[in-house]
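>>> Give me coordinates for this.
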Amino acid sequence: MELISSSISNIRALEAKYGRPQNSVRLLAVSKKKSKEHILRAVNSGVFDFGENYAQEALEKIKTLKGYKLTWHYIGPIQSNKAAKIAQNFDWVQSLDREKIAVKLNENRGSKHNALNICIQVNVSEESTKSGVAINQAEDLCGIVENLPNLNLRGLMAIPAPEPNFQLQREKYRELSNKFNDLKKIYPSIDVLSMGMSNDYEAAIAEGSTMVRLGTALFGARL
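Numbers count the residues shown, from 1 in each chain. Prediction:
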C-alpha cells in the first residue's frame, strides 16, 4: 500500500509542479498478472480504475470482483476472436487501432449496455512491433468510431518506445498532446489523453496527460 499511496501523492505533486488543475490526472492501475489481493490493496487506497492486457485473465478478475464498483479498461492488442468478450465485459477499450475491430466491438456491445468508451491507440514512436495508428491517421479512425452507436469516442492513448531522457520524453508526448487538442475541436466527446507509465509519467503530466497507467510504480517490479 505504501507504493500506491506514494504514487498517488506524486501525481498530485506533479499536477501542482506543472500548473495542472488538482485531481485532473486520473490513475489507471495496470493490474495484469496481479492477484485479487493486489487489486484490493489498490482499492483500499482509493484506486478504482484497472487496466488489463489479456482478455481471459481479465475476465476471471472481473467476475471475481464484480461486487466492487470498479472500472475496467482493456489496454492490450485486440484479437478479432476476443472482441466480443471485451465488448461485453469492459467499460473502456484504450487500444483500438483499426476499423475492423471498431465494428466488431460495436456489434457486440449491444444496446443493453452503456456505450463502450474508446481511446484510439497512436503509435507515436512509429515502431513496427507496436500496435497503434500513425498519428496522421488518428483523425480518420476517430471519425469511424464517432459514427458507431455503441461506442463512445473519448480520446487518445500511446505507449512510446522507452526513452531515458526526460526532455525527449516530453517531446514525444507533446506531439500527441497537440494532436489531442486538435481533435477535441472536431469531436466534443474527446476528453481523455491516456499517456504516461511508471518510467515516464512525469513527462506525460507535464505535457497534458489526463490519465497515467501505472503498474510497476504501484505494485513493484513483475517477477
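
>>> could you pull out the strands for this protein?
26-30, 49-52, 71-74, 92-96, 116-122, 151-158, 192-194, 211-214 (DSSP state E).

>>> can you list the ones you listed in a markdown table and add mean pLDDT?
As requested, the strands of the chain are exported to a markdown table (pLDDT from 0 to 100):
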| stretch | mean pLDDT |
| --- | --- |
| strand 26-30 | 98 |
| strand 49-52 | 98 |
| strand 71-74 | 98 |
| strand 92-96 | 98 |
| strand 116-122 | 98 |
| strand 151-158 | 98 |
| strand 192-194 | 98 |
| strand 211-214 | 98 |
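
>>> Can you add mean neighbour count and distance to residue 203 and give the ones you listed back as JSON lines?
For glycine as for every other residue, the C-beta is placed from the backbone atoms N, C-alpha and C. Below are the strands of the chain laid out as JSON lines (neighbours: other C-beta atoms under 10 Å; distance: least, C-beta to C-beta, whole Å):
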{"stretch": "strand 26-30", "mean neighbour count": "22", "distance to residue 203": "16"}
{"stretch": "strand 49-52", "mean neighbour count": "23", "distance to residue 203": "19"}
{"stretch": "strand 71-74", "mean neighbour count": "22", "distance to residue 203": "21"}
{"stretch": "strand 92-96", "mean neighbour count": "26", "distance to residue 203": "19"}
{"stretch": "strand 116-122", "mean neighbour count": "26", "distance to residue 203": "16"}
{"stretch": "strand 151-158", "mean neighbour count": "24", "distance to residue 203": "12"}
{"stretch": "strand 192-194", "mean neighbour count": "26", "distance to residue 203": "13"}
{"stretch": "strand 211-214", "mean neighbour count": "24", "distance to residue 203": "10"}
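
>>> Distance to residue 107 added to those, as JSON lines?
Converted to JSON lines, the strands of the chain look like this (distance: least, C-beta to C-beta, whole Å):
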{"stretch": "strand 26-30", "distance to residue 107": "26"}
{"stretch": "strand 49-52", "distance to residue 107": "22"}
{"stretch": "strand 71-74", "distance to residue 107": "16"}
{"stretch": "strand 92-96", "distance to residue 107": "14"}
{"stretch": "strand 116-122", "distance to residue 107": "11"}
{"stretch": "strand 151-158", "distance to residue 107": "10"}
{"stretch": "strand 192-194", "distance to residue 107": "23"}
{"stretch": "strand 211-214", "distance to residue 107": "27"}
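
>>> got the contact list for residue 219?
Residue 219 makes contacts with 3, 4, 29, 31, 34, 38, 42, as judged by C-beta atoms under 8 Å, 6 or more residues apart in numbering.

>>> All set, thanks.
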